[in-house]
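A.B. asks: Let's see this in three dimensions:
(chains A, B and C, ligands or ions: 1)
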Amino acid sequence: MTIAPALTEPVLDDLRQVVGGEHVLTDRAARFNRARVPAPFPVHRWSERVPDLVVLPGSTEEVSEVVRIANAHRIPIVPRDGGTGLTDGAVPLRHGIVVDVKRMNDIKEIDEVNRTCTVGTGINMLKLNEVLGRYGLIYPDDPASYPCSLVGGRIGTSGWSLIGSRYGHSRDLVLSFDFVLPTGRVIHVGDGAGRKLSKSSSGYQLKHLFMGHQGTLGIATEATLKLYPKPEAELSPFFAFPDYDSAYRAVGELARAGIATFAGAVLFDEWKVDYLRRDDEAYIPQPADVRALVCAVAYGYEDEVVAGGRRLMRIARDNGGRYLGDEVSEGDWAARHDRYATPLHGRTLAGQVIPMSWHCEDAAINYTNLPQVRLEWHEIVRRLRERFDMFDDWGMFAYTSADTGVDYLTEIDVGIWEQRLDDESWAAWVQAKKDIAEVALRYGGSISACHGSCREGEVDLVPQELGGGYDVMLDVKRALDPNNIMNPGKYGLDRAYEPEAGGAR
Amino acid sequence: MSTYRYSEQYRPPEARQVTDVAIERFADIFEVDPKLMTAHVVQQVFPNWDTLRIVASRHDHLDWMHRHWAEKVVSGQRLLDELDD
Amino acid sequence: MTDISPHDTGSLPSPNGDGGSGATGEFVQQWRNAAYNCFSSGHKFCREVCPVMQVTRNESWTPTAFHANVVAMEQGELQLTDIADDYVNCTGCGACELRCPNTLFTGDFYRFRTRTVDLVKAMRALAVDQGIHQPGWQRWNLLTDERSHEPVLGEVPVSQDHVRDWSQGLDIPVGGESILFVDCEAAFYRTSVPRAVAQILRRAGYEFGLMNEQWCCGGPAAEMGYLEQSQRFARHNLDDWRAGGVKRVLVLDPHDYITFTEDYPKYFGEEYDIEIVLVVELFAEMIADGRLAPSVPIERTITYHDPCRLNKRKGIWQAPRQILSAIPGLTFHDVDRVTQWSYCSGGGGGLPIEKPELTARISESRVDKAAQLGVDTLVSACPWSERPLSEAGDAKAIDVVDIHELLAESLGIEVGGRRGQ
Ligand SMILES: Cc1cc2nc3c(=O)[nH]c(=O)nc-3n(C[C@H](O)[C@H](O)[C@H](O)COP(=O)(O)OP(=O)(O)OC[C@H]3O[C@@H](n4cnc5c(N)ncnc54)[C@H](O)[C@@H]3O)c2cc1C
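C.D. replies: Model prediction:
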């Protein structure tokens, strides 16, 4: 594979002028290593997604210039931050230039009085919070990828946070950002045009539009974030249940209780508990009648957490939950980022250990539909595993998204033995993904609460999910990105450029 | 103080079967039943110090993660006990 | 070619057996499962603790990339020549492999953990084996081979004749059951460290001698890929210990400690019957049982730098803190061991030889963190960290002191020697 003809020496020279020679990478290894995210993909097809080159800009101006050059030469651009996204957003489908923004990770300002900070979008939340902790502050965007995902990717995906029921999700926590449009023009996006406003009703509300677009509308370079006092106290009780139904009832009551410090609740189903018994020190010794789990989490001042916590404990107990004790409860919550996605969880049908990629198929589902969705999803994966001994059902979680219990991030974790994925099993997986998404839509849900929905399989159903809204997406895409250079091929947005493209008009 | 002696590192304590798929060699440290790692992935050479280092580091990491998010942890057991009072 | 057996890497031969022929093919076969175990998770929890990554933000130089490259080699997508240079960018600190959930959460359970440090060493060895050399490392190891010690003084030669110069005036015997092994950096560059250690041992009434014919431990050669040389040096040292009836080797340098407890066991197996004692642990014990009683107050405001090879790679972090808490007069602003998983001096893994500018950026970043605590002194327990940290410390008026030097001072010992040039 060679560099695309469009990237002739003069273009490379221009890019080097902009970002400096050492920040334009053309070697094979640099390109291969930016063609991957954790989502499984047949390894023998890796080279299909390799960019022609990589640039590592250091400022908004540099990003803008790079985009200008790319737009002038019609060269595809793919924004990449942590590269942890699970819907292939940061993976080039048309080669071109990967704009890797990780160098932009400065903390530009900490405003203790207005409770905001302004950062480069290449910064990681854990790293940021190590600094904010010294001020008694916290930026509470807490995905399971907390140690590795970065603020730009949180904007690009409009991410979901484990404690979003208390603090909101990325869209609520990011107040505003500098944004480079596909033409290279830089705008500031937020509520109104202010940097530090949490609510404005002036003009169109553009912030939502420029979050969660998977890099198809441009590149966020500098963001202003909303900060909270670092909590004084944390409570994270875990409860065991003899069956799914009672755990399901309990999680619903916990989430609906309206407790102010409530930060989230999680429901683990029977498959998940079985899976934990494979290798999790907390569950290996649990008696056989532990078949489902619920955890509830609270953050705040100690007196508030204690008061709210008593209610949570009572609700869980009254619903038949057996408290698993402080050690398991505290340990499992602290392990929330690490515990569930390691490859050696994988098992063949014969029980042998194999390294499997973790794939999380997520959807937004209303409380009332969780039980049915669960059964249908497991059935899809069961059929898959029956045919191919390289897929494994790792069970399901349902997490509260809001503070009222209205909807849940519902995920089925599927282990995939990527080392063995061939074209046939890949096709079966893509079909299964489509089936999984179809179930979510049939039950009035959304294809994704968390990661986005632009992978093969699910992406075909996005027009069905959004209806006329999808046509608006096409119009917006065409208007902002006339040459289709921003992350082309994602979300089926190429359709916006087809001659017969109707759009919403 | 832990003096390193080769002879002490490569003989782990006798295993006790805990479940169909797990064993225990060191107190409260579970391990996969080695028979599950014979076909595709084989276990690595693991000196005893390394097992103990990882376990200790895990606990330190978990403590760190609590401190990272909040000044203190409220005991669920205490709250539960208070419900009964 | 490499010293890795399938049981070190956890791989069985692949069913399709690709990845090239010869040494490279063999390497890929050995590392394929270990590489997949990273590749297929791909979460990159390692990224933000990696010292190189923190200052370069270049994803090509991440532990994830180091593993993914092996997968790409197996697929025939990358050749050794495409990637060999990338593997220079590692200090061998071990943060990535410890922070990896595949180690920290399941490594002990499966007896299968992430081994980035071994992988980097093996890739460097493969490169050397295939005639791909890094000029700085090649020269360094050539000189080491010539002189039996690392050329830590640059143009000033180091040699067998001078390896005990640091002990001038201390009248330490040669030989005995317990010997003190002094690494090249401390023996020739920061001689105050071994002088402090020797005098503290004597103060505690601990009988010890020096080695008969001490060569470099061989660890650095292995880190830079010169495996045959490393093994030759190790053989020499083990034979020398045997010949002199040595039972116990006292070690003051964390890098030596790794070499003696990880490389030598691999090289020699059951034959390796020498006890290895880490001096900093011995001193903590001696303080606890009263054999040492530091009493001279030291009026300094300090923080402690956890040497990577102790804290991350060995889990040794308590003993140094016990020593520091026993020294009167100190104001100690401690930073916990887990936060320090992402700290490094940049001095390890041969990085300062091949990429001194990168080492300098890493040590500056480390010293910055100390400066934010408002300390005047950064205490380390690793001679190899002390040179780059001192250079960075000068700019911030932060003094870099070795823990053994500090303890000696508090014991009223006139240390002597040099803290570098
Ligand atoms: C173990 C694990 C757990 C996870 N848990 C969660 C979770 O709980 N909640 C959750 O929401 N997600 C989770 N994820 C998914 C992933 O971490 C998130 O999608 C995250 O927001 C991606 O951030 P990133 O920095 O890695 O972005 P990348 O993967 O680099 O990019 C993601 C998308 O954003 C675009 N993008 C990147 N940078 C920019 C920018 N500066 N401006 C505009 N667009 C940009 C990219 O083009 C891509 O489309 C998890 C992933 C893993 C591996």
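A.B. asks: sec struct for the closest residue to residue A:109 other than its chain neighbours, please.
C.D. replies: Counting by Cβ to Cβ, 6 or more residues apart in numbering or on different chains, residue A:109 lies nearest to residue A:118, which is 4.4 Å off, once chain neighbours are set aside. Heads up, the C-betas are built off the backbone N, CA and C, glycines and all. When classified by DSSP: H, G, I helix; E, B strand; the rest coil, residue A:118 comes out as strand.
A.B. asks: I'd assumed residue A:195 was in contact with residue A:118.
C.D. replies: Yes: using Cβ atoms under 8 Å, residue A:118 is in contact with residue A:195, at 7.1 Å.
A.B. asks: anything in contact with each of the two?
C.D. replies: residue A:224 (Cβ atoms under 8 Å, 6 or more residues apart in numbering or on different chains).
A.B. asks: Could you pull up phi and psi at residue C:169?
C.D. replies: phi 80, psi -10 (degrees, to the nearest 10).
A.B. asks: The residue nearest to residue A:109 and residue A:222: what is the separation?
C.D. replies: For residue A:118, the distance to residue A:222 equals 6 Å [Cβ to Cβ, to the nearest Å].
A.B. asks: Can you check which residues contact both of these two?
C.D. replies: Counting by Cβ under 8 Å, 6+ apart, the residues touching both residue A:118 and residue A:222 are residue A:108.
A.B. asks: Those two: which is more packed in?
C.D. replies: More neighbours surround residue A:222 than the other of residue A:118 and residue A:222, with 23 against 20 (other Cβ atoms under 10 Å in any protein chain shown).
A.B. asks: ok, the residue nearest to residue A:109 - contacts?
C.D. replies: A:107, A:108, A:109, A:111, A:195, A:222, A:223, A:224, A:225.
A.B. asks: near chain C, which residues of chain B show up?
C.D. replies: Within chain B, the positions near chain C by Cβ under 8 Å from any Cβ of the partner chain are B:1-7, B:9, B:29-32, B:34, B:37, B:39-47, B:49-58, B:60-61, B:63-64.
A.B. asks: ignore the last one, the stretch 401-505 of chain A
C.D. replies: With Cβ under 8 Å from any Cβ as the criterion, the stretch 401-505 of chain A meets chain C at residues A:418, A:419.
A.B. asks: The contacts of residue A:118 in strands, which ones?
C.D. replies: If you go by DSSP state E, the contacts of residue A:118 have A:107, A:108, A:109, A:111, A:222, A:223, A:224, A:225 in strands.
A.B. asks: Look at residue C:91 and tell me its secondary structure.
C.D. replies: coil.
A.B. asks: residues touching it, list them.
C.D. replies: With contacts defined as Cβ under 8 Å, 6+ apart, residue C:91 is in contact with C:51, C:52, C:308, C:344, C:346, C:347, C:348, C:349, C:351, C:359, C:362.
A.B. asks: let's see 10 Å
C.D. replies: For residue C:91, the contact set (Cβ atoms under 10 Å, 6 or more residues apart in numbering or on different chains) comprises C:50-52, C:117, C:120, C:223, C:308-309, C:344-352, C:355, C:358-359, C:362, C:384-385.
A.B. asks: same question, residue C:87
C.D. replies: Residue C:87 makes contact with C:61, C:65-66, C:69, C:80, C:119-124, C:126-127, C:134, C:225, C:349, according to Cβ under 10 Å, 6+ apart.
A.B. asks: next one: residue A:320
C.D. replies: Counted by Cβ under 10 Å, 6+ apart, residue A:320 has contacts A:239, A:240, A:241, A:242, A:243, A:245, A:246, A:247, A:249, A:250.
A.B. asks: Please report how far the fourth one lies from residue A:408.
C.D. replies: Meaning residue A:242. Applying Cβ to Cβ, the value for residue A:242 to residue A:408 is 22 Å.
A.B. asks: Please say which of the two ends up with more neighbours.
C.D. replies: Higher neighbour count among residue A:242 and residue A:408: residue A:408, with 29 against 16, using other Cβ under 10 Å.
A.B. asks: Tell me which helix or strand the closest residue to that one other than its chain neighbours sits in.
C.D. replies: Closest residue to residue A:408 apart from its sequence neighbours, by Cβ to Cβ, 6+ apart: residue A:398 at 4.2 Å. When elements are assigned from DSSP states H and E, residue A:398 belongs to strand A:391-400.
A.B. asks: The helix or strand just after that strand: which residues count as buried?
C.D. replies: Next helix or strand after strand A:391-400 toward the C-terminus (DSSP H and E): strand A:407-416. Neighbour counts using 16 or more other Cβ atoms under 10 Å in any protein chain shown place A:407, A:408, A:409, A:410, A:411, A:412, A:413, A:414, A:415, A:416 of strand A:407-416 among the buried residues.
A.B. asks: right, and the third one touches residue A:399 too?
C.D. replies: Yes: using Cβ atoms under 10 Å, residue A:409 is in contact with residue A:399, at 4.5 Å.
A.B. asks: Next, show the common contact partners of these two.
C.D. replies: Contact criterion Cβ under 10 Å, 6+ apart; residues shared by residue A:409 and residue A:399: A:160, A:161, A:162, A:164, A:264, A:266, A:362, A:449, A:450.
A.B. asks: Closest one of these to residue A:7?
C.D. replies: Nearest to residue A:7 out of these is residue A:450 (Cβ to Cβ; 34.6 Å).
A.B. asks: quick check, the closest one in a helix?
C.D. replies: No: per three-state DSSP, residue A:450 lies outside any helix segment and is coil.
A.B. asks: What pLDDT does the model give it?
C.D. replies: Residue A:450 carries a pLDDT value of 95.
A.B. asks: wait, doesn't it sit right on residue A:397?
C.D. replies: No: the pair residue A:450 and residue A:397 does not pass the contact test of Cβ under 10 Å, sitting 11.1 Å apart.
A.B. asks: hmm, back to that, what is the most widely separated pair among the shared contacts of residue A:409 and residue A:399?
C.D. replies: Greatest spatial distance in the shared contacts of residue A:409 and residue A:399: A:264 and A:362, 14.9 Å, computed using Cβ to Cβ.
A.B. asks: thinking again about what came up before, any chance of TSV for the ones in strands among the contacts of residue A:118, columns pLDDT?
C.D. replies: TSV is the format used below for the ones in strands among the contacts of residue A:118 (pLDDT from 0 to 100):
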residue	pLDDT
A:107	98
A:108	98
A:109	98
A:111	98
A:222	98
A:223	98
A:224	98
A:225	98
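A.B. asks: Just the buried ones among those, please.
C.D. replies: Buried among those by 16+ other Cβ under 10 Å: A:222, A:223, A:224, A:225.
A.B. asks: and of those residues, the nearest to residue A:150?
C.D. replies: Of these, the one sitting nearest to residue A:150 (Cβ to Cβ) turns out to be residue A:223, at 10.5 Å.
A.B. asks: list the contacts for the closest one?
C.D. replies: A:108, A:117-121, A:123, A:151-152, A:154-155, A:170, A:173-179, A:189-190, A:195.
A.B. asks: Just the buried ones from these, in PyMOL syntax?
C.D. replies: Burial among the contacts of residue A:223 is assessed by 16+ other Cβ under 10 Å; the matching PyMOL selection reads:
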select buried, chain A and resi 117+118+119+120+121+123+151+152+154+155+170+173+174+175+176+177+178+179+189+190+195
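A.B. asks: give me the number of residues near residue 33?
C.D. replies: Assuming you mean chain A. So residue A:33, with other Cβ under 10 Å, has 28 neighbours.
A.B. asks: You answered for a different chain; I wanted chain B.
C.D. replies: Residues near residue B:33, counting by other Cβ under 10 Å: 17.
A.B. asks: Please tell me how far it sits from chain C.
C.D. replies: Distance, residue B:33 to chain C, by Cβ to the nearest Cβ, to the nearest Å: 11 Å.
A.B. asks: list the contacts for the residue nearest to the spatial centre of chain C?
C.D. replies: Most central in chain C under Cα atoms, centre = their mean is residue C:255, positioned 3.0 Å from the mean C-alpha point. Residues near residue C:255 by Cβ under 10 Å, 6+ apart: C:92, C:183-185, C:217, C:219-220, C:223, C:307-309, C:347-349, C:382-385.
A.B. asks: Done for today, thanks.
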